[in-house]
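*Asks:* Would you be able to build a 3D model of this:
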Amino acid sequence: MKTTLDIKDELLIRAKKFAKRAGKPLRAVVEDGLRLAMSQSHESRTYDLPEFSVGDPNANDPLESLTWQDLRDEIYGGPDTG
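*Replies:* Numbers count the residues shown, from 1 in each chain. I've put the predicted structure just below:
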């Protein structure tokens, strides 16, 4: 299938030089690059959140017994005065 791509001049020059050194047509270099980019995009979709937990996970939660108003006061430093 034919298509038209808008590629920066510097990149196209480098790609043509690379293709010539590799003994491949420019089309093959572009196809290889697309395949590589698409295969890596699946890998980069997963992200493991680093473990930064603090405290004892089995300890009682000191906030569990508080009401929403108590939590609000705890967060904002006291009851609403206004």
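*Asks:* Kindly list the main-chain dihedrals of Pro50?
*Replies:* phi -60, psi 150 (degrees, to the nearest 10).
*Asks:* which residues sit against the strand or helix carrying Ser39?
*Replies:* Here Ser39 is covered by helix 26-43, with elements defined by DSSP states H and E. Helix 26-43 is contacted from outside by Leu5, Ala15, Lys16, Phe18, Ala19, Ala22, Lys24, using CB atoms under 8 Å, 6 or more residues apart in numbering. Where you see a C-beta, it was placed from the backbone N, CA and C, and this is true even at glycine.
*Asks:* what's the next helix or strand after that helix packed up against?
*Replies:* Going down the chain from helix 26-43, the next helix or strand is helix 68-76, by DSSP H and E. Using 3 or more CB pairs under 8 Å, 6 or more residues apart in numbering; DSSP states H and E as the contact test, no helix or strand touches helix 68-76.
*Asks:* Listing request: residues of this structure with sub-threshold pLDDT.
*Replies:* 41-45, 79-82 (pLDDT under 70).
*Asks:* again, 90 this time
*Replies:* 1-2, 37-49, 51-65, 74-75, 77-82 (pLDDT under 90).
*Asks:* wait, what's in contact with Thr3?
*Replies:* Contacts of Thr3 (CB under 8 Å, 6+ apart): none.
*Asks:* how much space between it and Val30?
*Replies:* Note on Thr3: its distance to Val30, by CB to CB, to the nearest Å, is 10 Å.
*Asks:* Extract the C-alpha trace of stretch 29-47 and format it as CSV.
*Replies:* Backbone C-alpha positions of stretch 29-47 (Å, rounded to 0.1, in the frame of the first residue of the first chain) are rendered in CSV as follows:
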residue,chain,number,x,y,z
VAL,A,29,13.8,0.7,7.2
VAL,A,30,10.5,2.6,7.8
GLU,A,31,8.6,-0.7,8.1
ASP,A,32,11.2,-2.0,10.6
GLY,A,33,10.9,1.2,12.6
LEU,A,34,7.1,1.0,12.7
ARG,A,35,7.2,-2.6,13.8
LEU,A,36,9.7,-1.8,16.6
ALA,A,37,7.7,1.2,17.8
MET,A,38,4.5,-0.8,17.9
SER,A,39,6.1,-3.8,19.7
GLN,A,40,7.5,-1.5,22.4
SER,A,41,4.2,0.4,22.9
HIS,A,42,2.6,-2.7,24.3
GLU,A,43,5.4,-3.1,26.8
SER,A,44,5.3,0.5,27.9
ARG,A,45,1.6,0.3,28.7
THR,A,46,2.2,-1.6,31.9
TYR,A,47,3.5,0.3,34.9
